[in-house]
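>>> Return atomic coordinates for the entry below.
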Amino acid sequence: MKIIKAIFGLLKEAVDRWGQDKAHLLAAALTYYMVFAMAPLLVIALGIVTAVLGEAVAQGALFGQLEQFMGAENTAYIYGLVQNVTAQRLGSTATIIGVVILLYASTNVFYQLKMVLNRIWRIDITPQNGLVEWLKSRGQALLLVFTIGLLGLLLVISLLVQTAVLAVLDELGIVQGSSGFWFQTIAFYLLIMVLFAIVLKMLPDAHVAWRDVWLGAAVTAFFFIIGEYALSVFLRYFFVTSIYGAAGSLIAILYWVYYSTQILLLGAEFTYVYANTYGSKVRPAERAIVLTRAERSPPPPPQPEPRPIPEPPPLPLPEPETGPPPVRRVEREAAFGLIGLAIGLLAAFLFGRKR
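Predicted coordinates for the structure are as follows:
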C-alpha cells in the first residue's frame with residue numbers, strides 16, 4: 001500500500017511540475033522542430049538498416065511499424081516525404097550541401113530537446129566558449145541520431161526474429177497466431193525504453209544515476225505505449241482527415257508528435273522527482289548551474305518611473321472693492337429719492353390743513 005501511495009505521490013508531483021513548467025508549450029515548440037527533422041531522421045535510420053539488411057526489408061519493417069500507430073494514409077504521407085528526399089540526384093557540390101542540411105535538420109530537434117530538458121531540470125550552462133559548447137551539443141545530437149538508426153536496426157532484426165520464431169512455434173502448436181502482437185509490443189516497449197534512457201542520460205547537462213534513468217525511462221515508455229495505441233485508434237477511426245483537405249495527414253502527424261513529446265517531457269519530470277526524492281539527486285554537470293525559481297521566471301517588464309505631478313499655481317485673490325458696487329449705489333439713490341418725496345408730500349398735506 002505504501003508503494004502504491006508513493007507512486008501516486010510521485011506522479012502527482014511530476015504532473016504538477018509539468019504544469020508549472022508549461023510543458024505543453026515546450027512540446028508545441030519541439031513539435032515544430034520535429035516536423036522538419038522527421039524525414040531526415042527516417043532517411044538516416046533507413047540508410048543504416050538498408051546497409052545491413054537491404055532496402056526492401058528495411059522499408060517494409062519500419063513503415064509497417066509506423067502503420068500500426070499512425071494508419072496507412074498517414075504512413076503513406078511520411079513515405080512520400082522520405083522518397084522525395086532520397087530521390088534527389090544532384091551534383092557533388094549539391095550533394096555535400098544536401099548532406100549537411102540533412103544532418104543539421106536531424107540534429108536540430110535533439111539540440112532543442114537538450115535545451116528543454118535543461119529547463120525543466122533547472123539547469124543552465126555558464127557561457128565560456130560558445131562555439132565549443134555548440135559543437136559539443138551538436139555532436140551529442142548527431143550521436144543520438146545514429147543511435148536511433150541503430151535502434152531501428154534492432155527493431156527490424158527483432159521483428160524478423162519474432163516472425164521466424166512465431167512461425168516455428170505456430171507450426172508446432174505451442175502458441176497461437178495472436179501471440180505475435182504481445183511479442184511485438186514487448187520488443188517495441190524495450191526499444192522505446194532504451195531510447196528514452198539514452199535521451200535522459202545523454203542530453204541534459206546534469207549527472208543522474210543510471211538506476212534513476214532506467215526507472216524513469218520504464219515509466220515513460222509504459223505511458224508512451226498505452227497512449228500511442230489509444231492515439232492510433234483515434235487517428236484510424238475518429239480523426240476525419242477530409243476536414244483539413246490536403247493537409248489532413250500532416251495534421252494527424254502533428255497530433256502524434258505533439259502527444260509523444262508531451263509524454264517524453266512528463267517522463268523527464270517524473271525522473272527528476274524520483275531522483276531527488278528517492279534516488280541519487282540530479283546534479284549539474286561541469287560548467288552548469290542550478291537555476292532558482294526567480295532565475296527561471298522571466299524578468300518583469302520595466303516600470304516607468306513615476307513623474308511628480310506639478311502643483312497648479314495659486315489663483316489670484318480678488319482685490320477688495322473700495323466703493324459700493326454700481327447696483328447698490330443705484331438702489332441707495334432710489335431709496336433717498338422716495339424718502340424725500342414722502343417728506344415733501346407730508347409737508348404739503350400739513351401746510352394745506354393749516355390754511
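
>>> And the strands in the chain?
In the chain, the strands defined using DSSP state E lie at 123-125, 206-207, 283-284, 288-290.

>>> State the pLDDT value of L315.
For L315, the pLDDT comes out at 63.

>>> quick one on the thing from earlier: dump the strands of the chain to CSV, plus distance to E133.
Heads up, the C-betas are built off the backbone N, CA and C, glycines and all. As requested, the strands of the chain are arranged in CSV below (distance: least, Cβ to Cβ, whole Å):
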stretch, distance to E133
strand 123-125, 6
strand 206-207, 15
strand 283-284, 14
strand 288-290, 11
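
>>> What is the burial count for Q68?
Neighbourhood size, Q68 [other Cβ atoms under 10 Å]: 16.

>>> residues touching it, list them.
Q68 is in contact with S232, counting by Cβ atoms under 8 Å, 6 or more residues apart in numbering.

>>> returning to that earlier point: worst mean pLDDT among the strands of the chain?
Checking each of the strands of the chain, the one with the poorest mean pLDDT is strand 288-290, at a mean of 70.

>>> which residues in the protein form helices?
Listed in chain order, the helices of the chain (DSSP state H) span 2-20, 23-53, 55-86, 92-120, 130-172, 179-202, 210-237, 248-277, 293-296, 326-354.

>>> a markdown table for these, including mean pLDDT?
Formatted as a markdown table, the helices of the chain follow (pLDDT from 0 to 100):
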| stretch | mean pLDDT |
| --- | --- |
| helix 2-20 | 86 |
| helix 23-53 | 81 |
| helix 55-86 | 74 |
| helix 92-120 | 77 |
| helix 130-172 | 69 |
| helix 179-202 | 81 |
| helix 210-237 | 85 |
| helix 248-277 | 86 |
| helix 293-296 | 52 |
| helix 326-354 | 59 |
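
>>> Tabulate those (JSON lines), appending distance to E286.
Listed next are these as JSON lines, based on distance: least, Cβ to Cβ, whole Å:
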{"stretch": "helix 2-20", "distance to E286": "25"}
{"stretch": "helix 23-53", "distance to E286": "25"}
{"stretch": "helix 55-86", "distance to E286": "38"}
{"stretch": "helix 92-120", "distance to E286": "14"}
{"stretch": "helix 130-172", "distance to E286": "11"}
{"stretch": "helix 179-202", "distance to E286": "15"}
{"stretch": "helix 210-237", "distance to E286": "19"}
{"stretch": "helix 248-277", "distance to E286": "19"}
{"stretch": "helix 293-296", "distance to E286": "19"}
{"stretch": "helix 326-354", "distance to E286": "97"}
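
>>> quick one: the nearest residue to N84 once chain neighbours are set aside and P204, what's the gap?
Leaving aside its chain neighbours, N84 sits nearest to A39 (7.7 Å; criterion: Cβ to Cβ, 6 or more residues apart in numbering). From A39 across to P204, the span is 27 Å (Cβ to Cβ, to the nearest Å).

>>> who has more neighbours, the two?
More crowded of A39 and P204, by other Cβ under 10 Å: P204, with 26 against 20.

>>> mind listing what G279 touches?
Neighbouring residues of G279 by Cβ under 8 Å, 6+ apart: 208-209, 211-212, 215.

>>> PyMOL command for the buried members of those residues?
A single PyMOL command suffices to select whichever of the contacts of G279 are buried according to 16 or more other Cβ atoms under 10 Å:
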select buried, resi 208+212+215
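
>>> Including distance to A187, could the contacts of G279 go into CSV?
Output for the contacts of G279, formatted as CSV (distance: Cβ to Cβ, whole Å):
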residue, distance to A187
V208, 26
A209, 26
R211, 23
D212, 24
L215, 20
